[in-house]
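> My questions are about this predicted structure, shown below with the sequence.
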Amino acid sequence: MPTISTGALDVEYHEEGSGPPIVWIPGTGLCGSSWEAQFAQFSDRYRCLTLDLRGSGGTGGEESAFTVADLAADVAGWMDALAVGPATVVGLSLGSAIGQELAISRPDLVERLVLVATWSSSAAEHHVRRHFESRLYALENGPIDVYAQFAFWMSSHTIYDTDRELQAAVEGLLTQHMSRNLRGTAGHFRADLSHETRDRLVQISCPTLVVHGDEDLITLPRYNRTVADLVPGATLATIPAAGHLSWWERPDELRVLLEAFLESVPAIPIT
């Protein structure tokens, strides 16, 4: 993948297609390549771009502590360097937190916002905070295979019980697209713990879609509802029999929701 400098960071990224831009922001400890299924679905009509966040894949910068706001500034710098924007921004989990911050701090870059598996306050939403704390503790204090065992909490229990072939495929994707930079992944969990936008979500002014799996045990359905309630005019959509990994578990269902949203809020023509 190519690399571009933002001035503060060399960012590795991937781009396919042409048309109105869609920026796909990955989740905790994942590389931008984790969006490959969505690139295949949308790059025939859209300019699809993704990146390895600070501390993941081919992007460095994990030496110093960073927050969600810092990651949003990285994404903004990357978009500026590529002259991308305004764009549809799609963020997953940590990527959704980054998307919230980006829409608040740089509304000129975000034409439409899609938040997949999201939340608004790591301080107030105790369940998701405990998840981040526990995964971080396991990553830093135990063997990596023990840390990896607890990834099953991200899966849909329906899929786990009824479709072992799909579950195995999703687990394979998780292994394939996870970053090997463990220090950077630890930094991602610390950034997750820093996420606080509940009092500022009212500042998001672009059309927004919030999407979650109805069996998400990490960013619980009610956390997603809170975000949808607080972002003015936001739409909430639920994917049945899907967990935190809905973009891999139910990619076609997510595609239908995204296409309907994109069609209902047409992009500004490129001039």
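Looks like it arrived, so ask away.
> Could you give the bridge partners of Val23?
With DSSP bridges as the criterion, Val23 is bridged to Leu49, Val89.
> Can you report how many residues neighbour it?
Val23 sits with 27 neighbouring residues when counted by other C-beta atoms under 10 Å. Glycine gets a C-beta too; all of them are placed from N, C-alpha and C.
> And it, how close does it get to Leu115?
According to C-beta to C-beta, to the nearest Å, Val23 stands 13 Å off from Leu115.
> which residues of this structure fall in strands?
Secondary structure of the chain (DSSP state E): strands at 3-5, 10-16, 21-25, 47-51, 87-92, 110-116, 208-213, 235-239.
> for these, which one sits closest to Trp153?
Taking C-beta to C-beta, strand 208-213 is the member of the strands of the chain nearest to Trp153, at 12.5 Å.
> So what are the sheet partners of the closest one and their directions?
Sheet pairing of strand 208-213 (DSSP bridges) gives strand 110-116 (parallel), strand 235-239 (parallel).
> Could you dump the ones you listed into JSON lines with distance to Gly77 added?
Converted to JSON lines, the strands paired with strand 208-213 look like this (distance: least, C-beta to C-beta, whole Å):
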{"stretch": "strand 110-116", "distance to Gly77": "15"}
{"stretch": "strand 235-239", "distance to Gly77": "29"}
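> where does the chain dip in pLDDT?
Residues of the chain meeting the criterion pLDDT under 70: 266-271.
> Residue for residue, what is the longest helix it has?
helix 126-141 (DSSP state H).
> Flag every buried residue along that helix.
For helix 126-141, a neighbour-count test (16 or more other C-beta atoms under 10 Å) marks Val128, Arg129, His131, Phe132, Arg135, Leu136, Ala138, Leu139 as buried.
> what does stretch 9-17 give?
Under the neighbour-count criterion of 16+ other C-beta under 10 Å, stretch 9-17 has Leu9, Val11, Glu12, Tyr13, His14, Glu15, Gly17 buried.
> circling back to that earlier point, could you export the buried residues of helix 126-141 to CSV, including columns for distance to Asp70?
As requested, those are exported to CSV (distance: C-beta to C-beta, whole Å):
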residue, distance to Asp70
Val128, 20
Arg129, 19
His131, 21
Phe132, 17
Arg135, 20
Leu136, 17
Ala138, 24
Leu139, 20
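> between those residues, which is nearest Val211?
Nearest member of the buried residues of helix 126-141 to Val211, counting by C-beta to C-beta, is Val128, at 16.6 Å.
> residues touching the closest one, list them.
Listed by C-beta atoms under 8 Å, 6 or more residues apart in numbering, the contact set of Val128 reads Trp119, Ser122, Asp192, Ile218, Thr219, Leu220, Tyr223.
> And Glu249, by the same measure?
By C-beta under 8 Å, 6+ apart, the contact list for Glu249 reads Ser155, Ser156, Ile159, Leu166, Val170, Gly213, Ala241, Ala242, Gly243.
> Count the residues that sit near the residue lying closest to the second one once chain neighbours are set aside.
What sits nearest to Ser156 in space, not counting adjacent residues and going by C-beta to C-beta, 6 or more residues apart in numbering, is Gly243, at 3.8 Å. Burial of Gly243 is recorded as 27 neighbouring residues (other C-beta under 10 Å).
> thinking again about what came up before, looking at the strands of the chain, spot the one closest to Asp252.
Here strand 235-239 is closest among these (C-beta to C-beta), at 10.0 Å.
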